[in-house]
Every structure is written in structure tokens, then in C-alpha cells.
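**Q** What follows is a predicted protein model with its sequence.
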Amino acid sequence: MDRYARWNALLELLTDSGRVSVEEAAERLEVSQATIRRDFDQLAQQQMITRTRGGAVANGVSYDLPLRYKSAKHSAEKQRIGEAAAKLVTPGTVVGLNGGTTMTEVARALAVRPDLNASGEGAQLTVVTNALNIANELLVRSRMKIVVAGGVVRPQSFELVGPLGSALLKEVTLDIVLLGVDALDVELGAAAHHEGEAAMNSLMVARAKRVVVIADSSKLGGHAFARICPISKVEMLVTDSGAPEPVVEGFRDAGVQVVCA
């Protein structure tokens, strides 16, 4: 296990328990205690954790780790979801994408579709996004037209939030929005942990003809701080095959089409 994989694993342990000892972490990751101490020291220097005598505690980021440390969680499921979601996009349309690890997989799947990147007059696809990493994924590997909403960058998600981006989103129309969420519930709707992200996402929903929520099964039935939209606004959910059948049926009963990748 390389250093970044260890750091991701350590942060996940802290996310689950809030506190972990050097001995416990070394045993779980099957490395030496000296290695864990160095990892804890380096993570503490980045203000990701707080060092304690004999261990570490989460440093106020237990639910909102920076995106670069989240990528390994449910990675196989997210890749399948990304490929399934990308199939919903047709050439010549305007698609909205927000940020997050699952949406990164959606962007990668879109970037390699030949029919969306054919050379010729005009852009094959227009993408409107408020996430810098999503724009980068598409810019370096495609001929799509990329529109980035302005705002203040949230380092945790690379998303731009605030009134600068809101002004742009109010002036565009989206054929479809592929929306990553922190939680999706039949009663509570779609939600995000951060109110600024939720506000931007809510604007995308308001400007879209179709709303498709992209979420792995760990996000289903949960709740988060700020609501994006009610379930009545969601036309389709793309999730993974690990979603419990009763949960899936609950969404279908609410009128949501469900695709399990």
C-alpha cells in the first residue's frame, strides 16, 4: 500500500470512528507503528487530523473529506455508475454536471465517447459545470464546449459556489443535469452537506428539462444538511447493484426510474 492509499485508509478509519490509535491503525493497515506515526504527523501538518498521545482524532472533516482523499471509496461501483450515466447523454445537447467523486467518473466516461467528440462544425456537446476538476477532465480529453460557472472554490470538492456562479446558471437552459448528491431519500429528497453547493445544484435543477441523480448505494436513504430538491423533481436515479431492493422499490413507487449499474 503506497502512502496516499494509506492516508485515504486512515482518513476513512477516522471518518467511521472519530478516533484511532497508532496500534489499531498499524494492525488494520498491516504496516509498522513507525509508519503510522509518520503518516499521522504528515496528515496533522496538513490540518487533516489532530494528533493525540498515541493516536489521532478527526479534525472536523469526518463527513467532508477533501475530494482527493475520497476517490478510493466505492471506486468500482462509481466507475460502473459513471459509465451508465454517460449513456444517457446524447450528442448536441447541453448537460449540467456538478462535482464529486462519482461525477468525476461520469466526466471520464463522457470524455471517451467517440460520438460526443467527433470533429466537424460546432461542439458535439456543451457541458455546464461548477466543478474545476470536472472541467479539467473534459478539457484535456475532449472537443466539447465547456462552460464553467464562477464563484469561490471549495477545496473539499473543487466546486465553485456563491452569487457569481448563480448569475450564470440563471441565464442558461440545460437539456439534462447529472447530479451528484451526498444523500437521496424518498421523503427528504436530494441533499448536500454544504449549503453553498446545495444552492448551486438547486439552480441547475431549476434550469434543467431532465434531472438525473447519480449516487452510489451508500448515499440512498440518508440525509444531509442542505436540501437540493424534492424527490418529485428527480426523473431518474443511477446507482449501483448494491442498492437494497426495498430502497429501490421505494424510489420507483415515488415515480423515479432507477438504473442499477
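**A** It's in.
**Q** so how far is stretch 100-119 off the chain centroid?
**A** Distance of stretch 100-119 from the chain centroid (CA atoms, centre = their mean, to the nearest Å) equals 15 Å.
**Q** Could you do stretch 39-50 as well?
**A** Relative to where its chain is centred, stretch 39-50 has its mean C-alpha point 24 Å off (CA atoms, centre = their mean).
**Q** quick one: terminal-to-terminal distance for it?
**A** Terminal residues of stretch 39-50 lie 12 Å apart, using CA to CA, to the nearest Å.
**Q** what's the answer for stretch 95-114, then?
**A** First residue to last in stretch 95-114 (CA to CA) measures 17 Å.
**Q** So which bits of it are buried?
**A** Buried residues in stretch 95-114, counted by 16 or more other CB atoms under 10 Å: 95-111, 113. All C-beta spots, glycine's among them, are computed from the backbone N, C-alpha and C.
**Q** Among those, name the ones in strands.
**A** Of the positions in the buried residues of stretch 95-114, 95-97 sit in strands, assigned by DSSP state E.
**Q** Output stretch 150-162 as PDB, restricted to C-alpha atoms.
**A** Listed next in PDB are the C-alpha coordinates belonging to stretch 150-162 (Å, rounded to 0.1, in the frame of the first residue of the first chain):
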ATOM      1  CA  GLY A 150     -17.900  31.200 -11.500                       C
ATOM      2  CA  GLY A 151     -17.700  31.600  -7.700                       C
ATOM      3  CA  VAL A 152     -15.500  30.800  -4.700                       C
ATOM      4  CA  VAL A 153     -13.700  27.400  -4.800                       C
ATOM      5  CA  ARG A 154     -14.400  24.900  -2.100                       C
ATOM      6  CA  PRO A 155     -11.200  22.900  -1.600                       C
ATOM      7  CA  GLN A 156     -13.100  19.900  -0.400                       C
ATOM      8  CA  SER A 157     -14.900  19.300  -3.600                       C
ATOM      9  CA  PHE A 158     -13.300  21.700  -6.200                       C
ATOM     10  CA  GLU A 159     -16.800  23.200  -6.700                       C
ATOM     11  CA  LEU A 160     -17.400  26.900  -7.200                       C
ATOM     12  CA  VAL A 161     -20.200  28.400  -5.100                       C
ATOM     13  CA  GLY A 162     -21.700  31.800  -4.500                       C
END
